[in-house]
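K.L.:
I'll drop the sequence and a predicted model, then ask my questions.
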Amino acid sequence: MKKTFILLTFAPMLSMAQSTLDKNVSSIKDSVITWRRAIHQHPELSNREFKTAAFVAEHLKKLGLEVHTGVGKTGVVAILKGGKPGPVVALRADMDALPVYERANIPFKSLDTAEYLGQQVPVMHACGHDSHIAILLGTADVLTSMKKDVPGTVKFIFQPAEEGAPAPEEGGAPLMIKEGVMDNPKVDAIFGLHINSQTPVGMVKYKSGAEMASSDWFTIKVKGKQTHGSQPWNGIDPIVVASQIIQGFQTIVSRQAELTKGPVVITVGKINGGVRSNIIPEELTMEGTIRTFDNKMLKQVHEKMKLTATKIAEASGATADVVIENKTKVTYNDPELVKLMVPSIEAAAGKDNVNETEWTTGAEDFSFYGDKAPAFFFFLGGMPAGADPAKVAAHHTPDFFIDDSKLDVGVKVFCQLVFDYAKKKPLYKVTNNSTPGTL
């Protein structure tokens, strides 16, 4: 997406409005923490966020906002029309949890279970979406209290199924976009955040351009010939073939991908094959994920994976059927929007608490919103002060933990972005569009 950038000065928020914002954010802090913990204790899986959505909708209706429910299955969208003219700014939070057992010894630990892939499983907010919900609720509260000073319109998007809808259902950002969440009124810019367990509490990190990886899922069926485990020469061993394919994939990363353009990750996370130790099975299935930061590179990796798998299988007399499914695009932060709005984040969080980071190989379906409007996604720290980021639990794990004492920083940043974007928007000129996700 190419743009021109005009360097002009603009007046900061009026001191009175800034003082009111600081006061209102401070007054809502305890409520934000309380909401986050209540949501954490009762998590819900993707496209099943019924109680969470009801909780969100009830609060937004009490604020007097225009509230739409059932968007993208369980999503909630609220609209605040400010008292001053201005653009349409969207703020997004995701709501779903994960099928993970929580080990953290906290008073609001999740003990809930739900059905997932036909099994009853424990459920946990193991990625921090509970924090995102609470922050956006707090933002809605603060901006509503300052409605007469709010420029333009604010859309609060509470999105289900960021972790992926259960097959064969649709869900997440693509479904919300399909149902018009970025239109009526049309969004001029969208902002989102993600809590991070390995970033010091209260700090904000971001990256201009390609920030988070695309996520593609692959399934490979390797078919050989079944035989007795004592006589492998009478069959074709798909397990050995699969192991060679996995090794071959890693040479795509280390020897065939131009890593100066961006990282590539190919991971096989699941293998199913065989029923007995002394039987070489006829076939097996393996599944995994691909992470890249460049659309051209992504296409090349897909082609090389298919070639590698089929030719390795062919060399042993086996066959390999490769299916690759595009799940999530590159999360791309519009460079000119980042340049304009980073000073606002620094004003809200403190300049010393805002840093540019490196690529993140995790993926986010927030990426799809960037096709509809300039987008900026950033990270808010939730790691306890003094902790070692190399030792704290990662996201999607049973020991995942967030220090929620600085969630108000997220609220203040969101509010600051809303107020300041209206003044900075005249500096932002779109000259032509291209596909986001290329470096």
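P.N.:
Arrived safely.

K.L.:
tell me the contacts of the residue nearest to residue 253 when sequence neighbours are not counted?
P.N.:
Sequence neighbours aside, residue 264 is the residue nearest to residue 253 in space, at 5.1 Å (criterion: Cβ to Cβ, 6 or more residues apart in numbering). (Each C-beta comes from the backbone N, C-alpha and C, glycine too.) By Cβ atoms under 8 Å, 6 or more residues apart in numbering, the contact set of residue 264 is 252-253, 257, 290-292, 297, 301.

K.L.:
rerun at 10 Å
P.N.:
Contact partners of residue 264, counting by Cβ atoms under 10 Å, 6 or more residues apart in numbering, are 213, 252-254, 256-258, 290-294, 297-298, 300-301, 361.

K.L.:
In helices, which of these fall?
P.N.:
297-298, 300-301 (DSSP state H).

K.L.:
quick one: residue 293 from residue 29, how far?
P.N.:
Using Cβ to Cβ, to the nearest Å, one gets 36 Å for the distance from residue 293 to residue 29.

K.L.:
Any of the contacts of residue 264 buried? List them.
P.N.:
213, 252-253, 257, 290-294, 297-298, 300-301, 361 (16 or more other Cβ atoms under 10 Å).

K.L.:
Now the two most distant members of these.
P.N.:
Greatest spacing in the buried ones among the contacts of residue 264, by Cβ to Cβ: 300 and 361 (17.7 Å).

K.L.:
that older thread, turn the buried ones among the contacts of residue 264 into JSON lines, including pLDDT and distance to residue 48.
P.N.:
As requested, those are arranged in JSON lines below (pLDDT from 0 to 100; distance: Cβ to Cβ, whole Å):
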{"residue": "213", "pLDDT": "97", "distance to residue 48": "26"}
{"residue": "252", "pLDDT": "97", "distance to residue 48": "37"}
{"residue": "253", "pLDDT": "96", "distance to residue 48": "36"}
{"residue": "257", "pLDDT": "94", "distance to residue 48": "38"}
{"residue": "290", "pLDDT": "98", "distance to residue 48": "27"}
{"residue": "291", "pLDDT": "97", "distance to residue 48": "27"}
{"residue": "292", "pLDDT": "97", "distance to residue 48": "31"}
{"residue": "293", "pLDDT": "95", "distance to residue 48": "32"}
{"residue": "294", "pLDDT": "91", "distance to residue 48": "35"}
{"residue": "297", "pLDDT": "93", "distance to residue 48": "35"}
{"residue": "298", "pLDDT": "94", "distance to residue 48": "31"}
{"residue": "300", "pLDDT": "96", "distance to residue 48": "37"}
{"residue": "301", "pLDDT": "97", "distance to residue 48": "33"}
{"residue": "361", "pLDDT": "95", "distance to residue 48": "27"}
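
K.L.:
Among the residues you listed, find me the one that's closest to residue 319.
P.N.:
Nearest to residue 319 among the buried ones among the contacts of residue 264, with distances taken as Cβ to Cβ, is residue 252, at 19.9 Å.

K.L.:
measure the closest one to residue 304 for me?
P.N.:
5 Å.

K.L.:
Shouldn't residue 181 be within a helix?
P.N.:
No. Counting by DSSP: H, G, I helix; E, B strand; the rest coil, one finds residue 181 to be coil, located in no helix.

K.L.:
Quick check, central residue of the protein?
P.N.:
Centroid-nearest residue in the chain: residue 364, 2.8 Å away (criterion: Cα atoms, centre = their mean).

K.L.:
ok, it - contacts?
P.N.:
94, 162, 173, 192, 194, 211-213, 215, 328-331, 377.

K.L.:
And for residue 239?
P.N.:
So residue 239 contacts 222, 224, 271, 273-274, 280-281, 283-284 (Cβ under 10 Å, 6+ apart).

K.L.:
which residues of the protein score low on pLDDT?
P.N.:
1-16, 429-439 (pLDDT under 70).

K.L.:
residue ranges of the helices in it, please?
P.N.:
15-41, 50-62, 129-145, 172-178, 238-251, 295-315, 335-349, 407-424.

K.L.:
If we go by neighbour counts, what in the first one is buried?
P.N.:
This points to helix 15-41. Within helix 15-41, judged by 16+ other Cβ under 10 Å, the buried ones are 20-21, 24-25, 28-29, 32-33, 35-37, 39-41.
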